[in-house]
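A.B. asks: what shape does this take:
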Amino acid sequence: MKRWMFRILLLGVLGIASLWVYDFYRAGILSLPDIPDGAYTLSYKNGFRAIVLDADVSDPIGRDGPKYFRSLGVANRDRKYLGVPFDVQPWFKEAWSWCKSPTEQEKAELERMPDDFRRKVANARFEAVCRIDVDGTDVVRGLIFSVPRL
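C.D. replies: So this is what the prediction gives:
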């Protein structure tokens with residue numbers, strides 16, 4: 001009987017570990033490039049992956065930790081981050097993009113977006129603009145907004 005209990009326990013541990021590794025793979029964490037200290041990552045189910053360089057966080061304790069565990073959602077638990085990916089070629093969909101705070105010009109461009117998009121992000125804070133470097137030119141990959149967790 002003890003042998004069967006041990007086997008069931010071992011099978012459960014292996015199952016949980018397998019799911020954890022699969023989650024890391026699906027989120028792109030295993031292909032994460034080197035990131036500077038103070039940068040955080042965000043990964044969405046639609047393939048949008050972001051490295052936020054100048055994030056405003058409430059808990060900077062994990063700021064210098066291993067890159068695999070520096071998630072912006074964990075470091076700033078009082079905000080929920082919404083990623084708005086732009087249409088890019090299929091080979092860029094799962095690439096890591098580098099995100100910085102928006103400039104005044106980019107904030108003004110947000111005002112010129114279609115009404116339905118502005119309505120969707122009406123009460124959200126504009127956090128970052130994400131870009132991919134493609135042969136020396138920047139391609140805008142998406143936008144990141146945040147809302148308070150209620």
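A.B. asks: so which helix or strand of this structure has the lowest pLDDT on average?
C.D. replies: helix 72-75 (a mean of 84; mean pLDDT, DSSP states H and E).
A.B. asks: so how far is it from its chain's centroid?
C.D. replies: In terms of CA atoms, centre = their mean, to the nearest Å, the centre of helix 72-75 is set 9 Å apart from its chain centre.
A.B. asks: does the nearest residue to D138 once chain neighbours are set aside sit in a helix, a strand or a coil?
C.D. replies: Leaving out its chain neighbours, the residue that sits closest to D138 by CB to CB, 6 or more residues apart in numbering is R131, at 4.4 Å. C-beta here means a position set from N, CA and C on the backbone, and glycine is covered the same way. The three-state label given to R131 by DSSP: H, G, I helix; E, B strand; the rest coil is strand.
A.B. asks: any buried residues in the helix or strand containing D138, and which?
C.D. replies: Element membership of D138 [criterion: DSSP states H and E] is strand 137-148. By neighbour count with 16 or more other CB atoms under 10 Å, strand 137-148 contains the buried residues V139, R141, G142, L143, I144, F145, S146.
A.B. asks: ignoring the adjacent residues along the chain, who's closest to the second one?
C.D. replies: Put plainly, it is R141. Nearest to R141 is S97, by CB to CB, 6+ apart, at 4.0 Å.
A.B. asks: could I get the full set of helices for the protein?
C.D. replies: 2-26, 72-75, 104-111, 115-120 (DSSP state H).
A.B. asks: for L82, which of the ones you listed is the nearest?
C.D. replies: Nearest of the helices of the chain to L82, taken as CB to CB: helix 115-120 at 8.9 Å.
A.B. asks: which residues touch that closest one?
C.D. replies: L110, E111 (CB atoms under 8 Å, 6 or more residues apart in numbering).
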